[in-house]
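Undergrad: What follows is a protein structure lacking sequence information:
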């Protein structure tokens, strides 16, 4: 799954947030119906199902956007951490209507899906003050297909 957003704030603080986000680890579930020998449990037996650790990936996007790629199973905590539950319309600032129109154009140009409903009860543990003085503008999401990659069935991140 891909969470697409824009960041605004002092460069030093934004860079610190980006470096923190790039170091998050997740577990991605997989299925191994062909019992490929690559995926083994602690006892050495071949796993038919399991989870595989991987890092979330932060990518530069078009139009000054950022795209965070992570396993869909972690959607609730990632979208909550990235403030996807706080609509830009809740903020009050000059030029608000023009900004919303421009963001809608960016969403359309990037072919983003609307932000899905998600539980807001969990989020990643943040160092104190990490998101202070940073504004995260949530744009939308992209979904990854589930594919058979070399005999392993998982989300194709």
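TA: Right, received. Where do you want to start? Every value quoted in this text rests on a predicted model; they were computed, and no experiment measured them.
Undergrad: tell me the mean pLDDT for the strand or helix carrying residue 147?
TA: Element membership of residue 147 [criterion: DSSP states H and E] is strand 146-149. Across strand 146-149, pLDDT averages out at 70.
Undergrad: Give me the sheet partners of it and which way each runs.
TA: strand 152-155 (antiparallel) (DSSP bridges).
Undergrad: Quick check: pLDDT value at the closest residue to residue 136 other than its chain neighbours.
TA: In this structure, residue 136 finds its nearest non-sequential neighbour in residue 83, 4.6 Å apart by C-beta to C-beta, 6 or more residues apart in numbering. Using the backbone N, CA and C atoms, a C-beta is placed for each residue, glycine as well. The model reports residue 83 with a pLDDT of 90.
Undergrad: Can you name the helix or strand that residue 83 falls in?
TA: Here residue 83 is assigned to no helix or strand, by DSSP H and E.
Undergrad: Next up, the contacts around it.
TA: Applying C-beta atoms under 8 Å, 6 or more residues apart in numbering to residue 83 gives the contacts 131, 136, 138.
Undergrad: Which single one of those is nearest to residue 148?
TA: residue 138 (32.0 Å; C-beta to C-beta).
Undergrad: The closest one contacts residue 5, doesn't it?
TA: Yes - in this structure residue 138 lies within contact range of residue 5 using C-beta atoms under 8 Å: 5.2 Å.
Undergrad: shared neighbours, these two?
TA: Common contacts of residue 138 and residue 5 (C-beta under 8 Å, 6+ apart): 82, 84.
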